[in-house]
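1. Got a predicted structure here, sequence first:
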Amino acid sequence: MNFYFKRLYRPPACTAKILLVMKLIIVLLTATFLQVSASTYAQNVTLRQKNAKLVSIFKQIRKQTGYDFIYSDRLMENAGVVNLNLSNVSIIEALNKAFENQPFLYEIENKTIVVKAKPAQNYEFANRLHIVTGTVTDEKGEILIGVTVKSKKTNTVVTTDKNGRYSIKVDDNADILNFSYIGYKAKEITLTANDLVVNVTLIPDVTTIKEVVITTGIFKKVDQSFTGASTTVSAKELEQFGNRNLLTSLRNVDPSFNIIESNSFGTDPNRIPEIQIRGNSSLPNVDDLQNESRVALNTPLIILDGFQTTLQKLLDMNSNEVESLTILKDASATAIYGSRGANGVIVITTKAPKEGKLRVTYRADLNVEAPDLSTYNLLHANEKLSLENTMGLYNGERPDYDIPLKRYYSVLLTDVNSGVDTYWLSKPLSTGVGQRHNLRLEGGDRTFRYSASMQMNDIQGVMIGSKRRTYNGTINLSYTYNKVKFSNNLMISEGSSANSPYGNFSDYVKLNPYWRAYDDNGQVIKILGDPGNADYVGRWSTLPTNPQYNANLNTFDKTSTSEITNNTAVEWQITHDLVMRGRLGISKTKTENNKFRPAEHTAFANYSDADIFR
């Protein structure tokens, strides 16, 4: 900024100093505004999408940056698919990549991105485009909904509506339309400039349908010829629908696979969950409701490579070793496995070694377990104490009973007025960060193939000190001689688990907020609500213990397990339709439990009337 003066004399020194300061202020303000403007668009995004819709890209950008998008659904019908592999780039760069070869423009206003159609003069094919419409049906004349129609020249992608109709912009110069639909053969049609209406008939792809095979654990059957209710999940689908364990992945894939949530156990990593596929086939009694024995009542039969296994094995096994997983739901499971399959059957097939050069695969996952207390709406200490007093909890009917209660109320009121308001729910909780690492090696030729894998799975629970760590090792060998195939699968598993020394979360929910958790020296109080004298009416009630106290006593409740399983199978392909198969499985499991509680543990606190007034 320059300043000009009409007078020809030199300004005083003070005036020059003021002008210099003004220049500095203006420069600093300008730099600040530029930084603010730059920071508006400095948010970085990471996008890894393949054959994704443009609308899904908008949702990802909005989730990562908070920017809103304004667009017309009708306008998005002309959007092409997007392939992005961007890591930590600016939002401007991400938008430019997403809008490449798209008939759209975008404008950013504050934190809103407005999507508009490109003007005719800016569109590459504007002078030689026309619209083609039509209907897509099957060989019987039935309309097909959701058929993907793509123009190779304009890269525009649309789908057929509920009436089987489509409308798409194409190039006048020998454009090609590609029609694709699951279960039907893809079809390509070459267009001319005079083609305005193109109706298409798709033919079922029988080969594709036959590729879907149901594995029952005893035999394999094509999906078309299998009449039972079943769901088959591939290894690729398991990776897409979760990485915590196989059970949570199955629940995400199939709604009929129901994991019964328990408010008593929460997300305890050491608890075997209760699973139902066909509902309650056995009703638990009162004792079963209070422990984990009810889990076995409705648990489905689990078959691993033709051998029966346990639910704990399914929970701990290396999910990266699973090739496919089939759930048999209806009476077909009982017909195959008898009464053992009454609750349904889960059939697991592990990956067989693939021939070729030695391949090494490594995968790492990070799991975060975070507690959610937003659903709890508890009273504060002053509210709880006032409510109890209003209900007459501290007013007895006898003088010898009434006076101590009022004195005890005064002690609690004094603590509340001094600021005591304990939020017990947060005491035993923390955010658990776990990890999982998997290493796999495989190779071989048509005659002899091999694979070996190692996995470490570390799960940290939300209860402080609760954890589960599992080490899995697998060696798979396969040898083929003429029509005879030998295979051997050795699985070794070592695991250790620990329960939280803070006890059960349900114990903290029952505690009153007007009780102190710590004394004046910052030490954890063992007996809650103790006034320190005989004023409390201990003759008629017992003071509760603080479950947090046990965490300072070096207590532990841990379990270690080791399991070795070796499955051997021999197959003889007698004819094309006749196979003789023999299997032998050996399994050994060792479990060791260790629990230590010192004499000061609250589990041994048994206070009588004499103890309270002592």
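-> Alright, I've got the coordinates. Numbering: from 1, shown residues only.

2. how far out from the middle of the chain is stretch 368-375?
-> How far stretch 368-375 lies from its chain's middle: 14 Å, per CA atoms, centre = their mean, to the nearest Å.

3. Tally up the residues packed near residue 565, please.
-> By the criterion of other CB atoms under 10 Å, residue 565 has 21 neighbours. Every residue, glycine included, has its C-beta placed from N, CA and C.

4. wait, isn't it in contact with residue 587?
-> Yes: applying CB atoms under 8 Å, one finds residue 565 in contact with residue 587, separated by 4.4 Å.

5. Could you tell me which residues touch both of the two?
-> 307, 309 (CB atoms under 8 Å, 6 or more residues apart in numbering).

6. check contacts around residue 85.
-> By CB under 8 Å, 6+ apart, the residues touching residue 85 are 47-48.

7. do the one 4 residues further on as well
-> By CB under 8 Å, 6+ apart, the contact set of residue 89 is 44-46.

8. Now, of the residues you listed, which are buried?
-> residue 45 (16 or more other CB atoms under 10 Å).

9. Of the contacts of residue 89, which belong to helices?
-> In this view, the contacts of residue 89 have no member that belongs to helices under DSSP state H.

10. Now pLDDT and distance to residue 326 too, for the contacts of residue 89, in CSV please.
-> Output for these, formatted as CSV (pLDDT from 0 to 100; distance: CB to CB, whole Å):
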residue, pLDDT, distance to residue 326
44, 81, 42
45, 85, 39
46, 88, 35
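
11. The helix or strand hosting residue 106: which residues count as buried?
-> With the criterion set as DSSP states H and E, the secondary-structure element containing residue 106 is strand 104-109. For strand 104-109, the neighbour count (16+ other CB under 10 Å) marks 104, 106 as buried.

12. how much distance is there from that strand to the middle of the chain?
-> Relative to its chain's centre, strand 104-109 lies at 34 Å (CA atoms, centre = their mean).

13. And for stretch 304-313?
-> Its chain's C-alpha centre and that of stretch 304-313 lie 24 Å apart, by CA atoms, centre = their mean.

14. Output that stretch as CSV, nothing but the C-alphas.
-> What follows is stretch 304-313, C-alpha atoms only, in CSV (Å, rounded to 0.1, in the frame of the first residue of the first chain):
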residue,chain,number,x,y,z
LEU,A,304,-15.1,-77.0,10.7
ASP,A,305,-13.8,-78.8,7.5
GLY,A,306,-16.1,-81.7,8.2
PHE,A,307,-15.4,-81.9,11.9
GLN,A,308,-17.5,-80.7,14.8
THR,A,309,-16.0,-77.9,16.8
THR,A,310,-17.0,-75.4,19.5
LEU,A,311,-18.4,-71.9,19.6
GLN,A,312,-15.2,-70.7,21.4
LYS,A,313,-13.1,-72.0,18.4
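
15. mean confidence for it?
-> Averaged over stretch 304-313, pLDDT sits at 81.

16. Run through who's touching it.
-> Outside of stretch 304-313, the residues within contact range by CB under 8 Å, 6+ apart are 217-218, 272, 275, 295, 299, 301-303, 314, 317, 340, 348-350, 489, 493, 563, 565, 567, 569, 583, 585, 587.

17. Just the residues you listed: which are in helices?
-> Within the contacts of stretch 304-313, residues falling in helices by DSSP H are residue 314.

18. Name only those of the contacts of stretch 304-313 that count as buried.
-> Neighbour counting over the contacts of stretch 304-313 (16+ other CB under 10 Å) leaves 217, 272, 275, 295, 299, 301-303, 314, 317, 348-350, 489, 493, 563, 565, 567, 569, 585, 587 as the buried ones.

19. pLDDT below threshold where in the stretch 101-250 of the chain?
-> For the stretch 101-250 of the chain, applying pLDDT under 70 flags the ranges 119-128, 206-229, 241-244.

20. at 80 instead, please
-> Scanning the stretch 101-250 of the chain for pLDDT under 80 picks out 109-110, 118-130, 172-174, 182-183, 193, 205-231, 233, 236-245, 247-250.

21. can you pull out the helices in it?
-> 206-210, 235-240, 246-253 (DSSP state H, counting those that start in this stretch).

22. how about these in JSON lines, adding mean neighbour count and distance to residue 471?
-> Written out in JSON lines, the entries for these read as follows (neighbours: other CB atoms under 10 Å; distance: least, CB to CB, whole Å):
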{"stretch": "helix 206-210", "mean neighbour count": "11", "distance to residue 471": "40"}
{"stretch": "helix 235-240", "mean neighbour count": "14", "distance to residue 471": "21"}
{"stretch": "helix 246-253", "mean neighbour count": "19", "distance to residue 471": "17"}
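
23. Would you reformat those helices as JSON lines and include distance to residue 578?
-> JSON lines is the format used below for the helices of the stretch 101-250 of the chain (distance: least, CB to CB, whole Å):
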{"stretch": "helix 206-210", "distance to residue 578": "20"}
{"stretch": "helix 235-240", "distance to residue 578": "29"}
{"stretch": "helix 246-253", "distance to residue 578": "33"}
